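>>> Sequence below, structure please.
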Amino acid sequence: MKVSRSILLLSLSLVSYAADVERQDFLPLSLESDAFFEQFNETWASRWKPSHSKRDDNFVYRGEWDVEEPTVNPGLKGDKGLVVKTEAAHHAISARLPTPFDNTNNTLVLQYEVKLQKGLECGGAYIKLLSQEGGISDSSEFSNDTPYQVMFGPDKCGMSNKVHFIIRRKNPKTGEYEEKHLKVPPMARIVKTSTLYTLIIKPNQDFEIRINGEVAKAGSLLDSRYFELTPPKEIDDPNDEKPADWVDDELIPDPKAVKPDDWDEDAPYLIPDPNAVKPEDWDEDAEAYIPDPDAVKPEYWDDEEDGEWIAPKIPNPACEEHGCGPWSAPKIRNPDYKGKWTPELIENPDYKGPWSPRKIPNPDYYEDLTPSNLEPIGALGFELWTMTDSIMFDNIYLGHSIEEAEYIGNNTFLPKVEIEEQIAAANAPQAKYDAEEPEIQVEEQSLVSDLFDKSVDRILKVYASGKAYWADLLDDPTQTLLNRPGEAFFFASVIVGTITTTFAISATIVSIFATLFTPSAAQPAKKSETREQIESVDEKATASESKINETEAVKRG
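From the prediction side, this is the model:
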């Protein structure tokens, strides 16, 4: 198979196009507010601290980090990001905030970019907002045990694909912190270009999750469809027990029902066909299977160790055209079969409905009406386990302004991702060979004939089923109607429909014949009218001839 010249030229042109994509220079962006904004410039190492915390010999944060330009679908020239460098490893890195982030009665906006340069087989790319109290310090390293307030971002492994949104709240009754998960999170984008993830928590308890600027999920933190922040006011009484005389069976067997005398429970479902006759050419003395005459005992076979060698059996060739071996009549459905008898079910007069324990006030009930008022946040970081390396993070923003986050996205993410997508499209795999078009063989078959055959086959099947049902109905009307009401309705509908259709067709045919062969009273009138027109024309013609003769006479005179 030869490489298509057109495909080759297209591939070369795309490579040339990829090389010709104009990559703008990266320009650092500055904010006027005191919000946290990280673009990973030359001083990044002074803010970000990798963790090598060790829980035990099997749990060590050995994953390495680096700040570099992307190697897959590069965007802006000189634009660097934080990159996961080790595959199949635990990673942790964090940055302490200059001042604690307080979101009391305020809006929280968390935004950052993720670029999965090698995709994401199994691992996370989420960010954590770490608590000020009990968080990281000069003497403690970031780990899975570090308390946090919010966890947000993509996570994928196997069939699970989600954008986490978890709030960590303190239970005032127990004093323990509990993770409150978004019930139905949106799916993460698994692409090799940058993706912008934005989380917004408003003081009215509304939240938004945006992906590339588009709202992927929105709702209220207080809405139980999204979060279960507040336990139920009432719970089932654990000490309540169902009364011994409680009846929760809605239906019971009819105690007055009696099995009919002619009901044979032992009658088999299938019986030998009494009308079957053994074929004349059936040979009961011949074996259906015989030893293979061509089989040879293997050389390695040892009769003393392996036993007497027996040739494998094959179907008797003499039985290819007729049956062999003992003959038995084929089985048919037993017309007397009724199965096990059971009394009919009736409504239970003692039925009380489904039982449930009584409700009591929940001793652990409390209200969390302002979950947006998070505890002070002292740092943020990535604590991940991933099978895939080369995950890049960039343009991390934590502040109180939605407009500021949008400004960052419009001036950093949009120009970057536009270039990335152009390069990704140019570098997309191209077909090496022309696709071979399969030969299409069309069987010459009449569509009308095919539809007619299928219709006839369906009608015959319905007729056979109806005939069998009619036989059962005549044999035992009551049980047939009770046990097979659906078939009764179906065949009744077929009969009514057939009669109605036949009557309509007959009426139409009679009407057509009546129209064709019945004389019309209006015809003679048309004929006499035609005669009058002809006579009128003749009279005019005669008058014209007279005038012509008179004219000729005048001329002669």
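>>> So what's the residue count around G409?
By other Cβ atoms under 10 Å, the residues close to G409 number 20. Just so you know, the C-beta spots here come from the backbone N, C-alpha and C atoms, and that holds for glycine as well.
>>> For it, give me its contacts.
With contacts defined as Cβ atoms under 8 Å, 6 or more residues apart in numbering, G409 is in contact with 111, 196, 198, 213.
>>> Recalculate using a threshold of 7 Å.
Going by Cβ atoms under 7 Å, 6 or more residues apart in numbering, G409 touches 196, 213.
>>> Make sure it is indeed in a helix.
Yes - looking at G409 with DSSP: H, G, I helix; E, B strand; the rest coil, it is inside a helix.
>>> shaky segments in the stretch 401-550 of the chain?
Within the stretch 401-550 of the chain, the stretches with pLDDT under 70 are 434-435, 438-454, 456-458, 460-462, 464-465, 467-469, 471-486, 516-550.
>>> what separates N316 from T515, distance-wise?
Counting by Cβ to Cβ, to the nearest Å, the gap from N316 to T515 is 71 Å.
>>> Can you pick out the residue with more neighbours from these two?
N316 (15 against 9).
>>> Nearest spatial neighbour of that one, chain-adjacent residues omitted?
I290 (4.9 Å; Cβ to Cβ, 6 or more residues apart in numbering).
>>> just V150 next, same as before
L129 (4.3 Å).
>>> Just to be sure, the one you found is in a helix?
No - looking at L129 with three-state DSSP, it is strand, so not inside a helix.
>>> Was I right to think it contacts T146?
No - under the criterion of Cβ atoms under 7 Å, L129 makes no contact with T146, lying 11.0 Å away.
>>> which of these two has more neighbours?
Set L129 next to T146 and count neighbours by other Cβ under 10 Å: L129 wins out with 26 against 21.
>>> which residues touch that one?
Counting by Cβ under 7 Å, 6+ apart, L129 has contacts 110, 148-150, 377, 380.
>>> at 8 Å instead, please
Counting by Cβ under 8 Å, 6+ apart, L129 has contacts 101, 110, 148-152, 374, 377, 380, 398.
>>> Out of the helices and strands in this protein, which is least certain?
helix 523-556 (a mean of 41; mean pLDDT, DSSP states H and E).
>>> any idea how the protein splits into domains?
Domain ranges of the chain: 34-234+377-426, 454-517, per automatic domain parsing.
>>> Nearest to the spatial middle of this protein, which residue is it?
By Cα atoms, centre = their mean, the chain has its centre lying nearest to M159, at 12.5 Å.
>>> Report the inter-axis angle for the longest strand seen in the chain versus strand 127-131.
Identified as the longest strand of the chain according to DSSP state E is strand 89-101. Interaxial angle, strand 89-101 versus strand 127-131 (axes from the mean of the first three to the mean of the last three Cα atoms, to 10 degrees): 50 degrees.
>>> helices or strands up against strand 89-101?
strand 36-38, strand 48-50, strand 377-386 (3 or more Cβ pairs under 8 Å, 6 or more residues apart in numbering; DSSP states H and E).
>>> so can I have a markdown table of these showing mean pLDDT and distance to G353?
What follows is those, written out as a markdown table (pLDDT from 0 to 100; distance: least, Cβ to Cβ, whole Å):
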| stretch | mean pLDDT | distance to G353 |
| --- | --- | --- |
| strand 36-38 | 96 | 59 |
| strand 48-50 | 95 | 62 |
| strand 377-386 | 95 | 50 |
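>>> Distance to V258 added to the domains of the chain, as TSV?
Output for these, formatted as TSV (distance: least, Cβ to Cβ, whole Å):
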stretch	distance to V258
domain 34-234+377-426	49
domain 454-517	14
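>>> residues contacting F101?
Counted by Cβ under 8 Å, 6+ apart, F101 has contacts 36, 129, 376-378, 398.
>>> With respect to D266, which of those is nearest?
L129 (74.9 Å; Cβ to Cβ).
>>> Any idea what that closest one is bridged to?
Beta bridges link L129 to V150, L380 when assigned by DSSP bridges.
>>> Offset the numbering so it begins at 23, please.
With the count now opening at 23, the last piece we talked about shows up as L151.
>>> Distance of it relative to I222?
Relative to I222, and taking Cβ to Cβ, L151 is found at 14 Å.
>>> Likewise for L367?
Distance from L367 to I222, by Cβ to Cβ: 57 Å.
>>> Which one's more surrounded, those two?
Between L367 and I222, I222 has the larger neighbour count (other Cβ under 10 Å), namely 18 against 13.
>>> so the more buried one makes contact with E230?
Yes - between I222 and E230 a contact is recorded at 4.2 Å, counting by Cβ atoms under 8 Å.
>>> now F415, nearest residue through space, not along the chain?
Closest to F415 by Cβ to Cβ, 6+ apart is L104, at 4.5 Å.
>>> Show me which pair in the contacts of L151 is furthest apart.
Farthest apart among the contacts of L151 by Cβ to Cβ are F123 and M173. That separation is 15.2 Å.
>>> dump the residue contacts of E443.
95, 215.
>>> helix or strand for it, which one?
Element membership for E443 (DSSP states H and E) is helix 436-448.
>>> Which residues belonging to that helix are considered buried?
Neighbour counts over helix 436-448 (16 or more other Cβ atoms under 10 Å) mark 437-439, 441-446, 448 as buried.
>>> ok, of these, which one's closest to S242?
Among the buried residues of helix 436-448, and counting by Cβ to Cβ, the member closest to S242 is V439, at 30.7 Å.
>>> could you measure that closest one against G100, distance?
For V439, the distance to G100 - Cβ to Cβ - is 16 Å.
>>> where do the helices sit along the stretch 273-422 of the chain?
325-328 (DSSP state H, counting those that start in this stretch).
>>> quick one, strands of it?
273-275, 292-294, 311-313, 335-337, 353-355, 367-369, 381-383, 399-408, 413-421 (DSSP state E, counting those that start in this stretch).
>>> And for the stretch 123-272 of the chain?
Using DSSP E, counting those that start in this stretch, strands in the stretch 123-272 of the chain cover 130-138, 144-146, 149-153, 170-179, 182-192, 199-203, 216-223, 228-233, 236-242, 256-258.
>>> next one: the first one to chain centre, how far?
It stands for strand 130-138. Distance of strand 130-138 from the chain centroid (Cα atoms, centre = their mean, to the nearest Å) equals 29 Å.
>>> That one: partners in the sheet, and parallel or antiparallel?
By DSSP bridges, strand 130-138 pairs with strand 216-223 (antiparallel), strand 413-421 (antiparallel).
>>> Just the mean pLDDT for the shortest one, thanks.
Regarding strand 216-223, the rounded mean pLDDT is 98.
>>> who touches stretch 363-377?
264-265, 268-277, 279, 281-282, 285, 287.
>>> and what of stretch 47-64?
66, 69, 89, 98-104, 117, 119-121, 123, 402, 416-423, 426, 430, 433-434.
>>> let's go with 6 Å and repeat that
Stretch 47-64 is contacted from outside by 89, 98-104, 119, 417-421, 433-434, using Cβ atoms under 6 Å, 6 or more residues apart in numbering.
>>> measure that stretch end to end?
16 Å (Cα to Cα, to the nearest Å).
>>> ditto for stretch 385-398
Terminal residues of stretch 385-398 are spaced 29 Å apart (Cα to Cα).
>>> Pull the residues that contact it.
Against stretch 385-398 from outside (Cβ under 6 Å, 6+ apart): 122, 124-126, 153-154, 171, 189, 194-195, 223, 225, 227, 243, 251-253, 255.
>>> cutoff 7 Å now
For stretch 385-398, using Cβ under 7 Å, 6+ apart, the contacting residues are 122-127, 153-155, 171-172, 189, 191, 194-195, 223-225, 227, 243-244, 251-253, 255.
>>> ok, now stretch 329-338?
Contacts of stretch 329-338 (Cβ under 7 Å, 6+ apart): 308-314, 317, 319, 323, 325, 346.
>>> mind running it again at 8 Å?
The contact list for stretch 329-338, computed with Cβ under 8 Å, 6+ apart, reads 308-315, 317, 319-320, 323, 325, 346.
>>> re the thing from before, adding distance to V516 as columns, could you present the strands of the stretch 273-422 of the chain in a markdown table?
Below are these laid out as a markdown table (distance: least, Cβ to Cβ, whole Å):
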| stretch | distance to V516 |
| --- | --- |
| strand 273-275 | 33 |
| strand 292-294 | 28 |
| strand 311-313 | 47 |
| strand 335-337 | 45 |
| strand 353-355 | 22 |
| strand 367-369 | 30 |
| strand 381-383 | 54 |
| strand 399-408 | 63 |
| strand 413-421 | 65 |
